[in-house]
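# Give me the fold of what follows.
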Amino acid sequence: MPSTPATPKAEETGLRILEAALELFRQEGFDTATMRDIAQKAGVATGAAYYYYPSKDAIVMEFYQRSCAEMQPKIAAALEQVPGLENRMRELIRVKLAHFAPNRGVLRALLRNGADPRHPLSPFSPQTREIRDIDVAWFRRILADCGVRIPRDLEPHLPVALWFFQMGVIYFWVIDDSPNQARTARLLDLGAKSVVTLIRVSALPLMRPLRKTALELIGVVKGDQA
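Numbers count the residues shown, from 1 in each chain. A predicted model of the protein is given here:
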């Protein structure tokens, strides 16, 4: 969106372009849709579309940022008074799946770009770090006073590890063609239970060597280690 203060008409035009682009991404794919196509569908001149969004990547970033902002109150409301780490983790991810459900086709269209951490639209890229940090912060919050003993050496790394678990669930959900994505619902239930069980077991003294290996593994995934 332009950096100048937006009038109500400009906001409406920008949103119309965004919605037109998302519909085209769902129907034709991200790579096939052009800025000209998007402008035509939105009922604006191609130059106007470029004024609001200099590229398709900029449109998707706007979609990401809007989604992130819109989900914050939904997540806060969903987690209010929810006890236990397993329930909190499940509810946190469910909110995101429910929010993205109308645009599941858009996420599917973006899968190839999302899998490449060098692509600016990837959830692993430097360009999406601000959104990623907000996501990780929620996992940090659900770990606080969660009723599960978390080893001190594991605690600072766990929010990111849980975020990676979430991304795996979302990826599975995007490609899940079972009715109403029922397999994803089952995966989330079993996955959340398994993750919490592993965290509980990791606190046992005899698990210290295995925990050290797990921390090294997390470091490799995060890029902290070669």
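
# May I see the buried residues of the longest helix anywhere in the chain?
For the chain, the helix with the greatest residue count under DSSP state H is helix 56-79. Residues K56, I59, V60, M61, E62, F63, Y64, C68, M71, I75, A78, L79 are the ones in helix 56-79 that count as buried (16 or more other C-beta atoms under 10 Å). All C-beta atoms are positioned from the backbone trio N, CA, C, and that covers glycine.

# wait, what's in contact with A98?
Residues near A98 by C-beta atoms under 8 Å, 6 or more residues apart in numbering: none.

# And it, how far from G47?
37 Å (C-beta to C-beta, to the nearest Å).

# what does L187 give?
Distance from L187 to G47, by C-beta to C-beta: 46 Å.

# re earlier: now, which of the buried residues of helix 56-79 sits nearest T7?
Using C-beta to C-beta, E62 comes nearest to T7 of these, at 17.4 Å.

# Which parts of whatever helix or strand T13 lives in count as buried, going by neighbours?
Element membership for T13 (DSSP states H and E) is helix 8-28. Neighbour-count burial for helix 8-28 flags T13, G14, R16, I17, L18, A20, A21, L22, E23, L24, F25, R26 (criterion: 16+ other C-beta under 10 Å).

# same check, this time on stretch 92-101
Applying 16+ other C-beta under 10 Å to stretch 92-101 flags L92, I93, R94, V95, K96, L97, F100 as buried.

# May I have the residues that are in contact with A214?
Contacts of A214 (C-beta under 8 Å, 6+ apart): L154, S202.

# oh, I was asking about L18
Contacts of L18 (C-beta under 8 Å, 6+ apart): Y53, I59, E62, F63, R66.

# how does it look with 6 Å?
E62 (C-beta atoms under 6 Å, 6 or more residues apart in numbering).

# quick check, nearest of the buried residues of stretch 92-101 to A115?
F100 (17.0 Å).

# secondary structure element for that closest one?
F100 belongs to helix 85-100, assigned by DSSP H and E.

# hmm, back to that, could you give the angle of the longest helix of the chain to helix 85-100?
If you take axes from the mean of the first three to the mean of the last three C-alpha atoms, to 10 degrees, helix 56-79 sits at 140 degrees to helix 85-100.

# mean confidence score for helix 56-79?
On average, the pLDDT along helix 56-79 is 96.

# helices and strands around that helix, which ones?
helix 85-100, helix 129-143 (3 or more C-beta pairs under 6 Å, 6 or more residues apart in numbering; DSSP states H and E).

# Please dump those helices into TSV; it should also carry distance to A42 for every row.
Below are the helices and strands packed on helix 56-79 laid out as TSV (distance: least, C-beta to C-beta, whole Å):
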stretch	distance to A42
helix 85-100	22
helix 129-143	25
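
# Just name the most buried of those helices.
Scoring the helices and strands packed on helix 56-79 by mean neighbour count under mean count of other C-beta atoms under 10 Å gives helix 85-100 as the most buried, with a mean of 19.

# could I have the very next helix or strand once past it exported to PDB, CA atoms only?
Helices and strands here follow DSSP H and E; after helix 85-100, the next one along the chain is helix 104-109. Output in PDB follows, covering the C-alpha atoms of helix 104-109 (Å, rounded to 0.1, in the frame of the first residue of the first chain):
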ATOM      1  CA  ARG A 104      -6.600 -22.200   1.800                       C
ATOM      2  CA  GLY A 105      -6.300 -22.200  -2.000                       C
ATOM      3  CA  VAL A 106      -4.100 -19.100  -1.900                       C
ATOM      4  CA  LEU A 107      -1.700 -20.800   0.500                       C
ATOM      5  CA  ARG A 108      -1.700 -23.900  -1.800                       C
ATOM      6  CA  ALA A 109      -0.800 -21.600  -4.700                       C
END
